[in-house]
Structures are given as C-alpha cells and as structure tokens.
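Undergrad: 3D, please:
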Amino acid sequence: MYFFLFFVAALGGALNSVAGGGSFLTLPALLYAGVSPVAANATSTFAMWPASISSAVAYRRDVRTPLSWRVVLGAVSLAGGLVGAVLLVRTSDARFMRLLPYLMLVAATTFTIGSRRKGDGRQFRPGHRGSLALIAALHVPIAIYGGYFGGGMGIMMLATYALAGMTDIHEMNGLKAILGAAINGLALLDFILSGIVAWQPGVLMAAGGIVGGYGGAAIARRIDRRAIRVFVIIIGWTMTVYFFLR
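TA: Numbering: from 1, shown residues only. As a prediction, the model looks like this:
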C-alpha cells in the first residue's frame, strides 16, 4: 500500500505540473486506503502542495507577470483558499460523499471543455485583454473552489489567464503553480489546525508528489500535452462515473 500511495502521488504531482488533474488520482487512492472522506480531501491537498511548490520553483524563470498582478492575485488566492478550507472543515463526511460525484463532474467537465491552446510564446502584455479587476473577480470563486476541493482548478486558472492576454503556456503554468500553492497553502494551514490531515499517508504521498511535480515540470517541454490531456480526461470521467455509481 505504501508503494501504491507514493506512486499515485508522484503521478499526480507530474500531472499537476503539466496539465493538472492530480486530485483525480490522489483522493480516490486515499479513500481506497481507508482514510475518511473529508480527511482524504484535506490529506490530498497536503500531499500535492509540496509538488506545487516544486513546480513553481521549476517554472520560476518563465513567470514575467507584473508584480502588481502577482500581489493582487496572490491576495485573492490566499483569501479564497481560506474560505474554501473553512467550508470543507464544516462539511460532514456523509455530506462530502454526497457532494463528491458532483465535484468530480465539475472537474471532469472543466478538463474536457477547457482551453486547448498551447500559446504562441509571446510575452504577457497587461491590458491586452481584460483587466486586473476582472481577472481578480474571476479568480475569487476559483480560489474558494480550490480551497474546498480543487479538481480542475488549474484549467480554470489557465482559462482566466488567457482572458487576460497571456499566451506563453510556460509562463501561464508558472503563475498557476504559484497561485495554486497560495490557495492550497492557506487551506492546508486550516486543515492542519483543525486536525483533519491523515499524517502517515500524507507525508508519504507528499514525498512522491515532490518527485513527480519537479520532474513533470522539468520535462514538460518535451511532452505531447494533448496525450496527457486525454489521459487526465479519461481518469476524470472514470472516477466521476465511479463515484456516481458508488
């Protein structure tokens, strides 16, 4: 079981660094390992958070977004992540399991219809499309959703950046990793203080997520992203159907 959890977390970290969707693997794996539903979701966040940090480090040279945008979106990410975490902590296991199929459905649908544009390599030009106020407003529900569940959050964030005029996929992935780490970081702090993280599987999966997250970001430029998207979509819909039938 330990090797299974480490491998799943490594694969989830790699997927998150390239296309997102790691929670499609880590949450079901923790439920399979016997972790209670709300704790499994919190532990999945804990397991994938170090991977998002390692991905942000790997992409750090690609992020050229103006500091003012990073500060505002970072503040929105922290606030929204905390709100989502508080909502999760106040959700019972039974209610979370009733919500889970629909959360999976949102995530799977987001992946399926999400933007497929890779970007043409141009630098970000603020004001090219959209505005900081608009992007921040769109980022609020994404951050709350990310703090509560998070599946498909990366694709939602990429779509928002495209609206802002960003076209360089590596810069977009880097900003996604930084803001995703902020969302899940504050959410994770609330989970820890609330005592709902399952530490033994969580630490093991966090180690696997770091390996997969950094490695996935490092080789992202040599991977066919379309094949990865198809793989994530298949996993997402399989898990969605499973939890609806369960």
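
Undergrad: tell me which strands and helices the one helix or strand Ala56 maps to is in contact with?
TA: In this structure, Ala56 sits in helix 37-58 according to DSSP states H and E. Judged by 3 or more CB pairs under 8 Å, 6 or more residues apart in numbering; DSSP states H and E, the packing partners of helix 37-58 are helix 2-18, helix 23-32, helix 67-89, helix 93-113, helix 169-194, helix 199-218. Heads up, the C-betas are built off the backbone N, CA and C, glycines and all.

Undergrad: in the fifth one, what counts as buried?
TA: Of the residues in helix 169-194, those with enough neighbours to count as buried (16 or more other CB atoms under 10 Å) are 169-188, 190-191, 194.

Undergrad: now the second one
TA: Buried residues in helix 23-32, counting neighbours by 16+ other CB under 10 Å, are found at 23-31.

Undergrad: Same list (those residues) but as a markdown table, adding pLDDT.
TA: Below are those laid out as a markdown table (pLDDT from 0 to 100):
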| residue | pLDDT |
| --- | --- |
| Ser23 | 81 |
| Phe24 | 83 |
| Leu25 | 86 |
| Thr26 | 89 |
| Leu27 | 90 |
| Pro28 | 90 |
| Ala29 | 93 |
| Leu30 | 94 |
| Leu31 | 93 |
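
Undergrad: Could you count how many residues lie near Ile234?
TA: Counted with other CB atoms under 10 Å, residues neighbouring Ile234 total 13.

Undergrad: Just give me how far the host helix or strand of it sits from the chain centre.
TA: Per DSSP H and E: Ile234 is located in helix 225-245. Mean-position distance between helix 225-245 and its chain equals 15 Å (CA atoms, centre = their mean, to the nearest Å).

Undergrad: quick one, it and helix 199-218 angle?
TA: Going by axes from the mean of the first three to the mean of the last three CA atoms, to 10 degrees, helix 225-245 is angled at 150 degrees with respect to helix 199-218.

Undergrad: Can you name every helix or strand that helix 225-245 contacts?
TA: Judged by 3+ CB pairs under 8 Å, 6+ apart, the packing partners of helix 225-245 are helix 2-18, helix 23-32, helix 93-113.

Undergrad: Select, out of those, the one closest to Ser44.
TA: Across those, Ser44 has its closest neighbour in helix 23-32 (4.3 Å, CB to CB).

Undergrad: what angle do that closest one and helix 199-218 make?
TA: Relative orientation of helix 23-32 and helix 199-218, computed by the same axes, to 10 degrees: 160 degrees.

Undergrad: quick revisit: and the helices and strands packed on helix 37-58 as CSV, adding distance to Phe46?
TA: Listed next are the helices and strands packed on helix 37-58 as CSV, based on distance: least, CB to CB, whole Å:
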stretch, distance to Phe46
helix 2-18, 10
helix 23-32, 10
helix 67-89, 12
helix 93-113, 16
helix 169-194, 6
helix 199-218, 5
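
Undergrad: Thr240: which of the ones you listed is closest?
TA: helix 93-113 (4.1 Å).

Undergrad: Quick one: mean pLDDT over the helix or strand just after that closest one.
TA: Moving toward the C-terminus from helix 93-113, the first helix or strand encountered (DSSP H and E) is helix 132-148. Regarding helix 132-148, the rounded mean pLDDT is 91.
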